[in-house]
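K.L.:
sequence and predicted structure are below.
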Amino acid sequence: MRNGLTTEQDRKLPENKENLNKQKDNHGGGKFLTFFLGNEEYGLEILKVHEIIGIMPITPVPRTPSHIRGVINLRGKIISIMELRQKFGMVSIEQTDESCIIVVQTNGIQTGIIVDRVSEVLNILQENIEAAPDFGTGINTDYILGMGKSDGRVKLLLDIDKVLSSQDIAGIKAFSESSAQGAE
């Protein structure tokens, strides 16, 4: 058992997403894949998660922002990889055997995010989710869905569609399209 997951099959999103849609609360509660960056625990809506893979060789792409590490070839599909630590202004660290890539579906594209380690899938009820605190003007917290409380800990629940900036999305889409044309 690694990172709270038992097998490769457990790491993949179930084929029948309709069941997960029914389980998701209409008011923000639902199932979240939790992961760590340093000592902080974050969560992503499970419906946005495609799969979890180990770290693999990443091909750097020139003239991309520092948080875009490059691309990987995942079963014949080119996927952009982002280091979430750098995106959030955290210090990069050496990757460990627990580091992994979470492949997510966001804004119509698949992209991977590097995290320190995956924790577990949690069902967080709406009553256990509070709005993101207001840090005042100039601090954007739009990418935070809320603050989930579970087992006496607080998890920052991320809106992965808003974690990536529109500039990131445009660059990833352009690169994906040029890679797909080059493969033809």
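P.N.:
Thanks, I have it.
K.L.:
show me the shaky parts of this protein.
P.N.:
Counting by pLDDT under 70, the chain contains low-confidence residues at 1-28, 135-141, 165-184.
K.L.:
could I get the full set of strands for it?
P.N.:
In the chain, strands defined by DSSP state E lie at 30-37, 40-45, 49-54, 68-74, 77-83, 100-106, 109-115, 117-124, 129-130, 144-150, 153-158, listed in chain order.
K.L.:
residue 62 is nearest to which of those?
P.N.:
strand 68-74 (9.6 Å; C-beta to C-beta). For every residue, glycine as well, the C-beta is placed using N, CA and C.
K.L.:
pull the number of nearby residues for residue 62.
P.N.:
Residue 62 is flanked by 5 other residues according to other C-beta atoms under 10 Å.
K.L.:
correction: residue 83
P.N.:
23.
K.L.:
offset the numbering so it begins at 370, please.
P.N.:
I'll keep to 370 as the first residue from here, and by that count the last item is residue 452.
K.L.:
pretty sure it contacts residue 433?
P.N.:
No - in this structure residue 452 lies outside contact range of residue 433 using C-beta atoms under 8 Å: 11.4 Å.
K.L.:
coming back round to it: redo the strands of the chain as CSV? Include distance to residue 461.
P.N.:
Below are the strands of the chain laid out as CSV (distance: least, C-beta to C-beta, whole Å):
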stretch, distance to residue 461
strand 399-406, 11
strand 409-414, 15
strand 418-423, 18
strand 437-443, 10
strand 446-452, 6
strand 469-475, 15
strand 478-484, 9
strand 486-493, 15
strand 498-499, 30
strand 513-519, 22
strand 522-527, 19
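K.L.:
and residue 533, which of those strands is closest to it?
P.N.:
It's strand 469-475; of the strands of the chain, that one is closest to residue 533 (C-beta to C-beta) at 6.2 Å.
K.L.:
for the closest one, buried residues please.
P.N.:
Residues of strand 469-475 classed as buried by neighbour count (16 or more other C-beta atoms under 10 Å): 469-473, 475.
K.L.:
and stretch 449-464, by the same measure?
P.N.:
449-457.
K.L.:
what about residue 432, neighbour count?
P.N.:
6.
K.L.:
what of residue 516?
P.N.:
When neighbours are counted by other C-beta under 10 Å, residue 516 registers 16.
K.L.:
same question for residue 525.
P.N.:
By other C-beta under 10 Å, neighbour count at residue 525 equals 19.
K.L.:
try residue 448
P.N.:
Counted with other C-beta under 10 Å, residue 448 comes out at 22.
K.L.:
thinking it is in contact with residue 437, fair?
P.N.:
No - Residue 448 sits out of contact with residue 437 when judged by C-beta under 8 Å, with a separation of 11.6 Å.
K.L.:
I'd say residue 436 and residue 452 touch.
P.N.:
Yes - between residue 436 and residue 452 there is a contact under C-beta under 8 Å: 5.4 Å.
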